[in-house]
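Undergrad: Okay, here's the prediction I keep looking at, along with the sequence it came from:
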Amino acid sequence: MRYSRVCTLTPGHAMTLDASLVGYQTRWFEHRLDARWAMAYAAALDDMQPCYFDDTTTALAVHPVFPVCLEWPALVDSLGANGVDMRRTVHATHDLELLTALTPPLDVRSRATVIGVEQRRPGIYLGWRFDTVDADGRPLARTWQGNLFLGETLRGPARWDQALPPHAPTPLSAPSRLTLHAAAGLAHTYTECARIWNPLHTEMAVAAATGMARPPLHGTATLALAVSALVARCLGGDPRRVRRLGGRFNALVMLPCALDLAWEDEPAAHRLRFEVGDADGGRAIRGGFLDYLPPDTAGHSTDR
């Protein structure tokens, strides 16, 4: 593990960020995934399926997007230890692979590795790999995530130690559609129930300082709302069938709002492709995908 200060924040000046951050790896962050946390996450999304709450006859299921909660402290560490202000970044891409079904209570560990940085048109793009394992080191989840530092310029050349998984989204041709409702207080509820706190999403002064009219909803919350709906509509309400999910966050979601979820099923590929439209007619999520298992293999390990 190495520490280096690669970012300098001065009021009124742009920050500087270079490739020396690439390769930074956090320590393992330990968590107790208990029923209380798993239930709270589902409840924050108003996903009240019995599998998340009724533990009278079987073990509780965990929402497929829940690993973002376990990864958050490692993300904060990878930025804070290197002097990077997380309030200056927005979530851009997400690719989460579920290797084994999570079942509370469970002791887990997560860590982050910064895998690359490059200049893109909107700003600096920074990539991570997150690994989550159980107490014995067995892989549970793996995430590739990208964030954008909008309007910022990379100092020096780009660098990638690991490649992000390829993803080439294709347009939806004749999608099914559903309206998702996001209440005015969702960002605050999600913050507390997920235990993911970035003041950008809850504090008006922080949002205003970054040029936003008001705090936006977390990208992972928008993604989780879509996944909840797809699990209920297309997977018989069984979240254990979800194998992999992700997409690109294309527009900020301001609350309250109604979101347009559009999706198509590719049964031969065991994949749902989806998009989420925002209230202004843009796309909050584009190139969304959800890979699923056949019903008889739900809950089995998918590590390869």
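TA: Arrived safely.

Undergrad: how about R241, what does it touch?
TA: By C-beta atoms under 8 Å, 6 or more residues apart in numbering, the contact set of R241 is 231, 235, 292-295, 298. Every C-beta, even on glycine, is put in place using the N, C-alpha and C of the backbone.

Undergrad: ok, 10 Å please
TA: 64, 98, 101, 231, 234-235, 270, 290-299 (C-beta atoms under 10 Å, 6 or more residues apart in numbering).

Undergrad: before we move on, what about A135?
TA: Residues near A135 by C-beta under 10 Å, 6+ apart: 30, 106-109.

Undergrad: and V231, helix, strand or coil?
TA: Secondary structure assignment for V231 (DSSP: H, G, I helix; E, B strand; the rest coil): helix.

Undergrad: Tell me, how many residues neighbour the residue lying closest to it once chain neighbours are set aside?
TA: Excluding the flanking residues, the one nearest V231 by C-beta to C-beta, 6 or more residues apart in numbering is P239, at 5.1 Å. Other residues lying near P239 total 27 when counted by other C-beta atoms under 10 Å.

Undergrad: again, but for P166
TA: Count around P166 with other C-beta under 10 Å applied: 5.

Undergrad: Just list the residues touching the residue positioned nearest the centre of the chain, thanks.
TA: When C-alpha atoms, centre = their mean is applied to the chain, the residue found nearest the centroid is T220 (4.1 Å). By C-beta under 10 Å, 6+ apart, the residues touching T220 are 65-69, 71-72, 91, 94, 96, 145, 190, 194, 196, 227, 249.

Undergrad: For it, give me phi and psi.
TA: phi -70, psi -30 (degrees, to the nearest 10).

Undergrad: what about it, distance to R138?
TA: 24 Å (C-beta to C-beta, to the nearest Å).

Undergrad: Look up which helix or strand T179 falls in, please.
TA: Element membership of T179, judged by DSSP states H and E, is strand 176-182.

Undergrad: and the helix or strand just after that strand, what's its mean pLDDT?
TA: For strand 176-182, the following helix or strand on the C-terminal side (DSSP H and E) is helix 186-194. The pLDDT scores in helix 186-194 average 97.

Undergrad: just checking, what packs against helix 186-194?
TA: Applying 3 or more C-beta pairs under 10 Å, 6 or more residues apart in numbering; DSSP states H and E, one finds that helix 186-194 contacts helix 35-44, helix 67-80, helix 219-234.

Undergrad: what's the angle from the second one to helix 35-44?
TA: Just to be clear, that refers to helix 67-80. 100 degrees (axes from the mean of the first three to the mean of the last three C-alpha atoms, to 10 degrees).

Undergrad: Now do the residue lying closest to L79 once chain neighbours are set aside against N198, distance only.
TA: Excluding the flanking residues, the one nearest L79 by C-beta to C-beta, 6+ apart is M86, at 4.9 Å. Separation of M86 from N198 (C-beta to C-beta): 6 Å.

Undergrad: Neighbour count for those two, which is higher?
TA: Applying other C-beta under 10 Å to M86 and N198 shows that N198 carries more neighbours, namely 20 against 14.

Undergrad: give the contact list for that one.
TA: So, once contact is read as C-beta under 10 Å, 6+ apart, N198 ends up touching 72, 75-76, 86-87, 89-91, 187, 191, 206, 215, 218.

Undergrad: Swap in 8 Å and give it another go.
TA: So N198 contacts 86-87, 191, 218 (C-beta under 8 Å, 6+ apart).

Undergrad: And those residues, which of them are buried?
TA: With neighbours counted using 16 or more other C-beta atoms under 10 Å, the contacts of N198 contain these buried positions: 191, 218.

Undergrad: Of the contacts of N198, which is the nearest to V22?
TA: M86 (17.5 Å; C-beta to C-beta).

Undergrad: and that closest one, backbone torsions?
TA: Phi and psi for M86, reported as degrees, to the nearest 10, are phi -70, psi -20.

Undergrad: Which residue ranges of the stretch 201-304 of the chain form strands?
TA: Taking DSSP state E, counting those that start in this stretch, the strands of the stretch 201-304 of the chain run over residues 242-249, 257-266, 271-277, 283-292.

Undergrad: Can you say which of these is nearest to Y41?
TA: Going by C-beta to C-beta, the one of those nearest Y41 is strand 242-249, 14.4 Å.

Undergrad: Packing partners of the closest one?
TA: Here strand 242-249 touches strand 90-98, helix 219-234, strand 283-292, going by 3 or more C-beta pairs under 8 Å, 6 or more residues apart in numbering; DSSP states H and E.

Undergrad: Is P216 in contact with M254, as I believe?
TA: Yes. P216 is in contact with M254 according to C-beta atoms under 8 Å; the separation is 5.9 Å.
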